[in-house]
Structures are given as C-alpha cells and as structure tokens.
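**Student:** Model the following, please.
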Amino acid sequence: MYMNFKKTVSVLAITTSLTLVACSEAETPLNTNPYRAQGVIAGTLPEIIASLDAGEVTSEQLVGLYLKRIASMNTSGPELRAVLSINPNLVKEAIAADKLRREGSVLGPLHGVPILLKDNIETKDDLPTTAGSYALKDNYTGRDSPLVAGLRAQGAIILGKSNLSQWANFRSESSNSGWSALGGQVKNPHVMDRSPCGSSSGSGAGMAASFAAATVGTETDGSVICPSSVNGIVGFKPTVGLVPQDYIVPISVSQDTAGPMTKSVEGAAIMMDAMTQGRGNFVAALSASSLKGVRLGVLRVDVGEDAEVAALYDAAIKNLEAAGATIVEVGQADMLQSFGEFSYDLLQYEFKDGLNSYLASTPKAVTARTLSDLIKFNKAYEEIELKVFDQSIFVKSNKKGPLTDQAYIDGKVSTQSDARAGVIDKLLSEYDLGALVSLFGAYGPLVTPGEGENWENYPSMGSVAAIAGYPHITVPMGTVNDFPFGLSLIGTAGSDETIVSYGYAYEQRSQKRAKPAYKRTIE
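**Tutor:** All right, here's what the predicted structure looks like:
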C-alpha cells in the first residue's frame, strides 16, 4: 500500500499580500526580547476586542499580524511549532467580518477575532482534524463542533489548528508532551528546552507566544490546566458536559471537555459565553470582590519540595486573603494515597469505544476505521508515527471489552464517587468551603525525545478534579527562573461561573502573568 505523506496542510501556506497598517512588529522599536509580541497582538482578548471596536485595527490587519508572527516564529526563529495548519480562507473571512462591522452588523463580542483550535476539534473550515497523526490527514469532515458553532455565532473566525500531543497524549505510556508526527515538537516559549505539557501544548504555547487572540484546548486529565500553567496563561476546565463534546476526537466520555486558554480570566469568560452557546453567563458573573467572605481550602499536596515555588504559593495565598478570602489550611494527603486505582482502566475502555465510533463517522478518505486499524497503520509507518514513542496505550485499550462489561460499570461508579463524594465534595462540606486552592507545582521536565518525560511523582488535585468532572481554573501565579506556575481553584459540579469569578478576583489582585522569556534553558 502506498500513501502520499506529502499531501498535508502546510503551516507556511500563508498569504503574503496583506497590507499591514497598524501595530506591525517591524515598525515597533524593540527594546525588549526580540521574540516578544508588540502592539495590539501583545494584548489580552478583551484588549484586542476593544481595539477592534474602537477602529484602531481591522480584522484583516489583525489576521495579517498573526500570520506574520507565526511565519517568523513557528517553523523558523525559535521554532515553537505550536501551529499545525492555517485556515486557507482566513483572510477572506477577516475581510468579510470588517465589511459587516462597517455596515453595523457586529455578531457578538468575538466579531472578527482570530481563534486557534486544538487539532482534535472539528471545524467546517477547509481544515482537516488530525489529532496530529497522518492517519487523519484527510479528515476533512465539514462539521463544526458545537463549541466552534458557538464561537462562530459570536463572529469569531478560525485562524487554524494548533499542534498537540499526538492523539491527545493517549497513545503511549512513554510519550513526549507536545510531539506529533504531523507537527513535530512544540516548545515552551518561556524556557524552550522544557516541556510545554500536553496534550493542549500548541494551544498553550501559541497563546503565550501571541499567535492568536485566544485558543481552545481539550482536557481528559490535566490537558488544559497543565499546559496553561507551564505556559503562563489562564486555562479553564469546565464541568464535564457544559461544553458539548460532539465532533471532537474522543478519549473519555466521563472526563473529556474542551476549555478556553487565554491571557486573562475575562478572556476565558468571554470564550465560555460563546462556547456554551448562551447556556453560561460568565462575563456578567465576574467581580473583583467575589472572594470577599469566601472560605478557601488551601491544599499543599501539589507544592513539591522547591522552596522558591512554595514561597510563590504562599504569596498567592496572601493575595487571596487580600482579595477578601478566609484561608483554611486543609489536610488531604491520606485520602489521595490510593485514589483513582481504576481511573486508567476506565479511560482505556472509553477510548476504545469512543474512538471506534468517531472513526466510523469520518469521511471515506480516512482508511483507519477502528482502533485496530490505527495500530496496523502505525506499524506500517512506524518510521514516521512511532519514531519518538510507541503505541502501548493503543494496544492496551484495544484489549478492553465493551462498556457493558461489569468491571467497567462498577469501576466507573466507584472512581467517580471517590473523586466527588470522597474528596472534593467531602472537603468542601467538612470545612465549609467555597472552593479548593492548589497549584501545579512542577517545573516542566526537559524535552528528551525518545526518552519520555520525568514529571515529579506526587498526587495531583488536578487529576481529582478531572476524574470528578468538576470545574478547575488555573491563573498565573508568577515565575521561578523565568518558568511560570499557576494557581488553581477547584469547585463542585456546576459552580463554573463562581470558580471563574474567584479566579478573576485573584487575578485582579495579583497581576502575575509574565511575558515569555524565550530562554534557551533554565541552566
């Protein structure tokens, strides 16, 4: 069998005929790191929206700035490899958005705003949804996932697709976060030899590097929160089900959710109002005083042993207090020691079932119709697909039975109960808390292709929130050695707007987002 691996979407298929009028980096004196964004694209989503509304920049000009920046930094310059493909109709859509604006027809807050989607999210634009694999290079479905339809209804335009950990980091037990066969290795723009974390690595690095006004990631367990934290941006993982998962390459029906990744909490709220298609009211719920009188349970399980990181966390807690919160130290280590023993098996069961259903719905040009087909495909093209890590998770998942297996049914109930009633809801109730406070306390490990990743091994409250399907926001907390860390706020099911508002109140008090240093190494 022969496959033409050259037939793929090129990130460099970018128009060069744009007239760049406003805020061009070439026209701005660079008195800082030469890779740092300048002008309007250096701003947050609300600031970019304000510039469009005020007529300070057009959507066409904005698109031109992003395309120029991507062309100079994605596969050249620092070679961040955060963007996998560009919407070939992007400029045309920006011009159309500007025309509507001149005519007084603004569709919503995101009108003419370029958004970057993780490449496991379908869009009806002329773009494939690949999950980073050549097996899906012809997966042009012509379908908008509901979240994309929500963004589009508010006037957003899809800039393109971001690179990701291949198959959303559910292919190998020795994977490298941010690597895909189609896109190569994503770099962390803060410290470029450190992991950008996965699986929404391109969305995290691309947002930090100002490749789009906002990005969207997906999470099963940590894949929005971790890349947001280590790339120094805001990431929000909603309650599972709040953002519909239709037309997104699946892992787990129990845990999968998409979430916004932005430079500010207000930006995440704007994105959530669109992505939930009117079922949320996130922007209206934002209040800088929302933490006044709220009891917050501070967890230490994620802090690790680095004294500087611990000091950063302590400073963040003081900012929470200054914002009006009452801080309650919570002991929780015992309940996490044997937590989630079946959670990995649960994911394998659901991955096999969900992926087989998804592949069956793809266009006929996609020849891999089952997980078994994908395993065979990877073996046939192992020099491309398996050159960095194996497919051990694929193989294990393929051995699982159907979702009618009693082991799956019982395991799902006990796993979710452990996370919900056994940990999060228990702590919230016993200590009379509005939310739990934690952090992702690890430096991203060195990127070592072919050797896997050496993340510090300690229990994670992020995993508990993921398994429970509960809302979780991370907000920049500051840096140590130019490497960013994020403060986490976790709540119970359906408390999404409240958790986002708590994150906003902390952010307004702390203002700890750091611009990427584009440092070659911490050492």
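**Student:** can you pull out the strands in this protein?
**Tutor:** Secondary structure of the chain (DSSP state E): strands located at 83-86, 114-118, 157-162, 179-180, 184-185, 214-219, 234-237, 257-262, 295-298, 326-329, 435-439, 472-480, 483-490.
**Student:** so where's the chain uncertain?
**Tutor:** By pLDDT under 70, the weakly predicted segments of the chain are 1-32, 332-339, 456-459.
**Student:** Pro250 is in contact with Tyr358, correct?
**Tutor:** Yes - here Tyr358 reaches Pro250: they are 5.7 Å apart, a contact under C-beta atoms under 8 Å. The C-beta positions use only the backbone N, C-alpha and C, and glycine is treated the same way.
**Student:** quick one: which of those two has more around it?
**Tutor:** Neighbour comparison, Tyr358 and Pro250: the larger count goes to Pro250, with 22 against 19 (by other C-beta atoms under 10 Å).
**Student:** for the more buried one, what are its contacts?
**Tutor:** Residues in contact with Pro250 (C-beta atoms under 8 Å, 6 or more residues apart in numbering) are Asp256, Glu350, Phe351, Gly354, Leu355, Ser357, Tyr358.
**Student:** Against Val63, how distant is the second one?
**Tutor:** Summarising the geometry, the distance separating Glu350 from Val63, computed by C-beta to C-beta, to the nearest Å, is 38 Å.
**Student:** what about these two, which has more around it?
**Tutor:** Between Glu350 and Val63, Val63 has the larger neighbour count (other C-beta under 10 Å), namely 29 against 23.
**Student:** if we can go back for a sec, can I get the strands of the chain in TSV including distance to Ser105?
**Tutor:** As requested, these are exported to TSV (distance: least, C-beta to C-beta, whole Å):
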stretch	distance to Ser105
strand 83-86	26
strand 114-118	19
strand 157-162	15
strand 179-180	38
strand 184-185	41
strand 214-219	22
strand 234-237	30
strand 257-262	25
strand 295-298	44
strand 326-329	48
strand 435-439	40
strand 472-480	33
strand 483-490	38
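**Student:** right, so of those strands, which gets closest to Leu52?
**Tutor:** With C-beta to C-beta, the closest approach to Leu52 among the strands of the chain belongs to strand 114-118: 10.7 Å.
**Student:** Now do the closest one and strand 257-262, the angle between them.
**Tutor:** Following axes from the mean of the first three to the mean of the last three C-alpha atoms, to 10 degrees, one obtains 140 degrees for the angle between strand 114-118 and strand 257-262.
**Student:** between the contacts of Pro250, which is closest to Leu286?
**Tutor:** Closest to Leu286 out of these is Asp256 (26.3 Å), distances taken as C-beta to C-beta.
**Student:** ok, back up a step: farthest pair within the contacts of Pro250?
**Tutor:** Maximum distance among the contacts of Pro250 (C-beta to C-beta): 13.1 Å, for Asp256 and Ser357.
**Student:** Who has more neighbours out of the two?
**Tutor:** Asp256 (27 against 12).
**Student:** Surely that one is in contact with Glu219?
**Tutor:** Yes - contact criterion C-beta under 8 Å: Asp256 and Glu219 qualify, at 7.4 Å.
**Student:** on that earlier part again, list just the nearest of the contacts of Pro250 to Leu312.
**Tutor:** Closest approach to Leu312 among the contacts of Pro250 (C-beta to C-beta): Asp256, at 30.9 Å.
**Student:** Pull the contacting residues for that closest one.
**Tutor:** When contacts are counted by C-beta under 8 Å, 6+ apart, Asp256 touches Thr218, Glu219, Thr220, Val240, Gln245, Ile248, Pro250.
**Student:** switch to 7 Å and redo it
**Tutor:** Thr218, Thr220, Gln245, Pro250 (C-beta atoms under 7 Å, 6 or more residues apart in numbering).
**Student:** For Ala315, which non-adjacent residue is spatially closest?
**Tutor:** Nearest residue to Ala315, sequence neighbours excluded (C-beta to C-beta, 6 or more residues apart in numbering): Gly478, at 7.1 Å.
**Student:** ah, wrong one, I meant Thr326
**Tutor:** Nearest one to Thr326, counting by C-beta to C-beta, 6+ apart, is Arg295 at 4.8 Å.
**Student:** Is it correct that that neighbour is in contact with Leu433?
**Tutor:** Yes - between Arg295 and Leu433 there is a contact under C-beta atoms under 7 Å: 5.0 Å.
**Student:** what residues do those two have in common as contacts?
**Tutor:** Val328.
**Student:** neighbour-wise, which of the two wins?
**Tutor:** Set Arg295 next to Leu433 and count neighbours by other C-beta under 10 Å: Leu433 wins out with 21 against 15.
**Student:** all helices for the stretch 151-300 of the chain, in order.
**Tutor:** Secondary structure of the stretch 151-300 of the chain by DSSP state H, counting those that start in this stretch: the helices cover 166-169, 201-208, 225-230, 265-275, 282-285.
**Student:** now the angle from the second one to strand 483-490?
**Tutor:** Translated: helix 201-208. Using the same axes, to 10 degrees, helix 201-208 lies at 110 degrees relative to strand 483-490.
**Student:** Then the fourth one?
**Tutor:** Angle between the axes of helix 265-275 and strand 483-490 is 60 degrees (criterion: the same axes, to 10 degrees).
**Student:** Quick one: list the elements packing against helix 265-275.
**Tutor:** Judged by 3 or more C-beta pairs under 7 Å, 6 or more residues apart in numbering; DSSP states H and E, helix 265-275 is in contact with helix 45-53, helix 146-153, strand 234-237, strand 257-262, helix 282-285, helix 496-510.
**Student:** Pipe those into TSV and attach mean neighbour count and distance to Asp138 per row.
**Tutor:** Formatted as TSV, the helices and strands packed on helix 265-275 follow (neighbours: other C-beta atoms under 10 Å; distance: least, C-beta to C-beta, whole Å):
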stretch	mean neighbour count	distance to Asp138
helix 45-53	20	33
helix 146-153	22	20
strand 234-237	32	31
strand 257-262	30	23
helix 282-285	18	36
helix 496-510	24	36
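**Student:** Can you lay out the ones you listed as CSV showing distance to Thr276?
**Tutor:** Shown next, in CSV, are the helices and strands packed on helix 265-275 (distance: least, C-beta to C-beta, whole Å):
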stretch, distance to Thr276
helix 45-53, 16
helix 146-153, 7
strand 234-237, 12
strand 257-262, 10
helix 282-285, 8
helix 496-510, 9
